[in-house]
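Asker: sequence first, then the predicted structure, then my questions.
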Amino acid sequence: MENKMLDLLKTRRSVRAYRPEQITPEELAAVTEAGTWAPTGMGLQSPVIVAVQSPKYRKAVEELNKKARGGEQDPYYGAPTVVLVLADSSRGTCVEDGSCVLATMMQAAHAIGLSSCWIHGEREMFELPEGKALLEEWGLPTTLRGVGSIALGYGEGPAPQPKERKPEYVKVV
């Protein structure tokens, strides 16, 4: 079946190398707005999207991720924008809600020619005292649970080739 949306779903790739130039405000707005339309449990919209572009906060979340997960390299692969997704931890679907937001933003980014990659570690990051302090600095509740983030920007070089889909991926019963 031919369909533009289905083609976009099939061609999006996780990109792990970015050019340093910042995305435009219009591109950021398109991606984050798309995230607000992702499905959430009972439509209650438990997630909060935090777009990090300032060099100060970009470095702060990079260091926080390294501390939470270990490692020496930039966990965001040099992307100039990091989009964090946190969610109301009192909602039973907070992780699922945030995951839908992240996936929707990655597809939206691809649709407008941007590259992205899901990055993990936000739960651990925002459980640390430094993570809670950052939430307070941003005027957000410290009860938010980190779900994940996306590295966002203009990819450096061609997108990776897809892996073959496993034959037993779908079973109809």
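Answerer: Thanks, I have the structure now.
Asker: which stretches of the protein form helices?
Answerer: All helices of the chain, identified by DSSP state H, fall at 4-11, 25-36, 55-69, 94-111, 122-125, 129-137.
Asker: point out the other helices and strands that the second one packs with.
Answerer: When you say that, I think you mean helix 25-36. Contacts defined by 3 or more C-beta pairs under 8 Å, 6 or more residues apart in numbering; DSSP states H and E place helix 25-36 against strand 47-52, strand 81-88, helix 94-111. Where you see a C-beta, it was placed from the backbone N, CA and C, and this is true even at glycine.
Asker: measure L140 to M5 for me?
Answerer: 33 Å (C-beta to C-beta, to the nearest Å).
Asker: these two: which is more packed in?
Answerer: L140 (15 against 9; other C-beta atoms under 10 Å).
Asker: give the contact list for the more buried one.
Answerer: 48, 50, 86 (C-beta atoms under 8 Å, 6 or more residues apart in numbering).
Asker: closest to the centroid, which residue in the protein?
Answerer: I150 (2.5 Å; C-alpha atoms, centre = their mean).
Asker: mind listing what it touches?
Answerer: I150 sits in contact with 82-83, 102, 105-106, 109, 116-119, where contact means C-beta under 8 Å, 6+ apart.
Asker: show the buried residues in those.
Answerer: Neighbour counting by 16 or more other C-beta atoms under 10 Å classes 82-83, 102, 105-106, 109, 116-117, 119 among the contacts of I150 as buried.
Asker: from what I can see P75 touches N65, true?
Answerer: Yes: contact criterion C-beta atoms under 8 Å: P75 and N65 qualify, at 4.5 Å.
Asker: state the mean pLDDT of the longest strand seen in the chain.
Answerer: Ranked by number of residues, the top strand in the chain under DSSP state E is strand 144-153. If you average the pLDDT over strand 144-153, you get 98.
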